[in-house]
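[1] one predicted model, sequence on top.
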Amino acid sequence: MVMNNEAIESSKGLTIVLKLGTSSICDEVTHLPHLATLSHIVETIVKLKALGHRVALTTSGAVGVGMRALNVSTKPSELAKRQALAAVGQSKLMSLYEDLFSMFKQPTAQILLTKGDLADRTRYNNARDTFEELFSAGVVPIVNENDTISVNEIRFGDNDTLSAITAGMVQADYLFLLTDVDCLYTDNPRSNPDAKVVSRVTDIDQLKKEINVTSPGSSVGTGGMVTKLVAAELATAAGVHTVITRGSEPERVFDIVRYYEGGETDSKLEVPLHTCFVAKPVPMVDRKWWILHGIHTAGTVVVDEESAEMLAKDPNALSSSHIVRVDGQFVPNQGVSIAVAKPVNGNGEIGIVMVGKGLVNYSSKELNRIKGCKETMISQILGYGESPIVMEMDNFVALM
């Protein structure tokens, strides 16, 4: 397919995040970099910028490149060894990108993130402001997880998730998950010749019931199709169209964006294979999205069914009198899940169902002392009363 430089001229000013997986960056066996693919990605980004778009690249590959540098054949399971490989590979990966982008005199910036960086609202805002300054200066941000210092508790888990968080943070129009397949299928096309293409998705929950995405990622990567569905959920909730397509042919981005930005009216346009997860028509506002996806969940507050039914309409309905149980240890203004204990079958078995997430006004110790008590008793029990409300409306996101 010939790259169409005029493909999206009518769509000036888009913000586009490209995510490149490890399997697209280096060979699974030799760990040698796919220089042709990387050069093609860089050329695509430069042309997108020439058309007036803001572009960020979320990249995997630090561990894979580190394996090549240290002649390691198998990805280790030990955290410290993976972190050491990432430390070696990250600088080499950025050097490779810098060399390729410098051919076009395109400045780049490295941004290394952990989930812990985004858990604090101030640090989240600082990261977002940094992206804005880089875009304004014409710089291409290259984003990766800071694998060298990340531990399991603060890991994104995979760079599909990181790319979705990045896309939401910069309020992107499109997130492209560039991978080693053309699109999402109803089953693994490598083992099932009857697998069908899934081209457009508006309901991810319904999609999960209809397809099989259990195949894992590559031997040097961490993701698979499951992680891409998770990323699509995060990004579309923030109002970002999310596209899965083949990374070795990044020029597909031009025709895919032109197709959707043109209102899908050009019947003559041959759109390359891809899957588009359509953004939610009413995206979650930035703060609510940050609460739901950015902050670490430190504990759970279990409430009665009456309170759970009211929460979706009025978060101020979460009062101390409706709290049944408090799990975990947390301090004021930390993130907690709000759950309800309810029967899950006809045998009377009780299960915990999550109904929301938010920032609490009281610590776990304080909530354990005031649970089941009326709001008017808080000051008497604690000796002080910061607020009669357990969680403010602006600090709560309903899941139901």
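    Right, received. Where do you want to start?
[2] can we go C-alpha only for contacts and neighbour counts from here?
    Noted.
[3] which of the residues in stretch 127-138 are buried?
    Neighbour counts over stretch 127-138 (16 or more other CA atoms under 10 Å) mark 127, 128, 131, 132, 134, 135, 138 as buried.
[4] residue 252 and residue 117, how far apart?
    Per CA to CA, to the nearest Å, residue 252 is found 33 Å from residue 117.
[5] more neighbours, those two?
    Neighbours per residue, other CA atoms under 10 Å: of residue 252 and residue 117, the larger number sits with residue 252, 21 against 17.
[6] that one against residue 275, yeah?
    No - Residue 252 is beyond contact range of residue 275, at 11.9 Å (criterion: CA atoms under 8 Å).
[7] and for the two, which residues touch both?
    residue 245 (CA atoms under 8 Å, 6 or more residues apart in numbering).
[8] any low-confidence regions in the stretch 151-300 of the chain?
    Across the stretch 151-300 of the chain, residues meeting the criterion (pLDDT under 70) sit at 151-158, 213-224, 263-269.
[9] just the ones of the buried residues of stretch 127-138 in helices?
    127, 128, 131, 132, 134, 135 (DSSP state H).
[10] which residues does the fourth one contact?
    Residues counted as contacts of residue 132 (CA under 8 Å, 6+ apart) are residue 170.
[11] mind checking pLDDT for it?
    pLDDT recorded at residue 132 is 97.
[12] give me the phi and psi angles of the nearest residue to residue 247 once chain neighbours are set aside.
    Closest residue to residue 247 in three dimensions, ignoring its sequence neighbours and counting by CA to CA, 6 or more residues apart in numbering: residue 178, at 4.2 Å. With angles defined as degrees, to the nearest 10, residue 178 sits at phi -90, psi 120.
[13] how about the one 3 residues further on?
    Comment: the main-chain dihedrals of residue 181 come out as phi -130, psi 160, following degrees, to the nearest 10.
[14] what do you get for residue 226?
    The phi/psi pair for residue 226 (degrees, to the nearest 10) reads phi -60, psi -50.
[15] between the ones in helices among the buried residues of stretch 127-138, which sits nearest residue 210?
    residue 128 (36.3 Å; CA to CA).
[16] which pLDDT value does the model give that closest one?
    93.
[17] so who does it touch?
    Counting by CA under 8 Å, 6+ apart, residue 128 touches 169, 170.
[18] gap between it and residue 271?
    Residue 128 is 33 Å from residue 271, by CA to CA.
[19] and for residue 137?
    According to CA to CA, residue 137 and residue 271 sit 33 Å apart.
[20] just the CA coordinates for stretch 162-173, please, in PDB.
    Extracted as PDB, the C-alpha positions of stretch 162-173 are listed here (Å, rounded to 0.1, in the frame of the first residue of the first chain):
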ATOM      1  CA  LEU A 162       0.600   2.500  29.900                       C
ATOM      2  CA  SER A 163      -0.300   3.700  26.400                       C
ATOM      3  CA  ALA A 164      -4.000   4.000  27.400                       C
ATOM      4  CA  ILE A 165      -3.100   6.000  30.500                       C
ATOM      5  CA  THR A 166      -0.900   8.200  28.400                       C
ATOM      6  CA  ALA A 167      -3.600   8.700  25.800                       C
ATOM      7  CA  GLY A 168      -6.100   9.700  28.500                       C
ATOM      8  CA  MET A 169      -3.600  12.000  30.100                       C
ATOM      9  CA  VAL A 170      -2.900  14.000  26.900                       C
ATOM     10  CA  GLN A 171      -6.600  13.800  25.900                       C
ATOM     11  CA  ALA A 172      -5.700  12.100  22.600                       C
ATOM     12  CA  ASP A 173      -8.000  11.700  19.700                       C
END
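[21] which residues are in contact with it?
    With contacts defined as CA under 8 Å, 6+ apart, stretch 162-173 is touched by 14-19, 58, 128, 131-132, 144-145, 156, 174-175, 231-232, 234-235, 238-241, 286, 293-294.
[22] run the chain-centre distance for it.
    Mean C-alpha position of stretch 162-173 versus that of the full chain (CA atoms, centre = their mean, to the nearest Å) differs by 7 Å.
[23] contacting residues around residue 31?
    Residue 31 touches 64, 65, 67, 68, counting by CA under 8 Å, 6+ apart.
[24] centre of the chain to stretch 24-35, how far?
    Averaging C-alpha positions (CA atoms, centre = their mean) puts stretch 24-35 24 Å from its chain's average.
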